[in-house]
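>>> I would like the atomic coordinates for the input below:
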Amino acid sequence: MDICSAITAINSSAEVSVIGEDYEQITWHAGTTVISKADIQAKQAELKTAYDAKEYQRQREPEYPAIGEQLDLLWHAIDDGTLDKTSDFYTSLKATKDKYPKT
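Coordinates of the predicted model:
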């Protein structure tokens, strides 16, 4: 995660300018309280951990059937009386979940 994201996660009203990823090139504006380099780095690590923990969600999303198709599968499963783990609705979503499990 970049420096600006970490700063605004710590202080959502912070007004800063950052040149690149250089902690020495942060300019604090409009009376924004300076945040230490250590606090910014800790927040970056926290944000990265949270981002990495949801990788499975980002991998699954493009592989799920489109929502319209999911609704059609769901309708057919209900209409056919097969709304259980054998339905196409369930098995199509389960295949993606199995391919990209939560870790």
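
>>> residues contacting residue 63?
Contact partners of residue 63, counting by Cβ atoms under 8 Å, 6 or more residues apart in numbering, are 96, 99-100. Every C-beta, even on glycine, is put in place using the N, C-alpha and C of the backbone.

>>> now do the same end-to-end measure for stretch 58-68.
20 Å (Cα to Cα, to the nearest Å).

>>> Strands of this structure, start to end?
Ranges of strands within the chain are 15-18, 26-29, based on DSSP state E.

>>> what packs against the first one?
Helices and strands touching strand 15-18, as assessed by 3 or more Cβ pairs under 8 Å, 6 or more residues apart in numbering; DSSP states H and E, comprise helix 3-10, strand 26-29.

>>> hmm, back to that, switch the contacts of residue 63 over to TSV; also include pLDDT.
Shown next, in TSV, are these (pLDDT from 0 to 100):
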residue	pLDDT
96	97
99	97
100	97
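
>>> And the buried ones among these, selectable in ChimeraX?
This is how ChimeraX selects the buried members of the contacts of residue 63, with burial counted by 16 or more other Cβ atoms under 10 Å:
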select :96
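
>>> So which of the contacts of residue 63 sit within helices?
If you go by DSSP state H, these have 96, 99 in helices.

>>> Next, the angle helix 3-10 makes with the longest helix seen in the chain.
In the chain, taking DSSP H as the definition, the longest helix is helix 37-53. Going by axes from the mean of the first three to the mean of the last three Cα atoms, to 10 degrees, helix 37-53 is angled at 90 degrees with respect to helix 3-10.

>>> Please enumerate residues in contact with helix 37-53?
Against helix 37-53 from outside (Cβ under 8 Å, 6+ apart): 1-3, 5-7, 9-10, 23.

>>> ok so, going back, relative to residue 83, which of the contacts of residue 63 is nearest.
Taking Cβ to Cβ as the measure, residue 83 lies nearest residue 96 of those, at 18.6 Å.

>>> Between the two ends of stretch 10-21, what distance do you get?
17 Å.

>>> Could I get the average pLDDT for that stretch?
The pLDDT scores in stretch 10-21 average 92.
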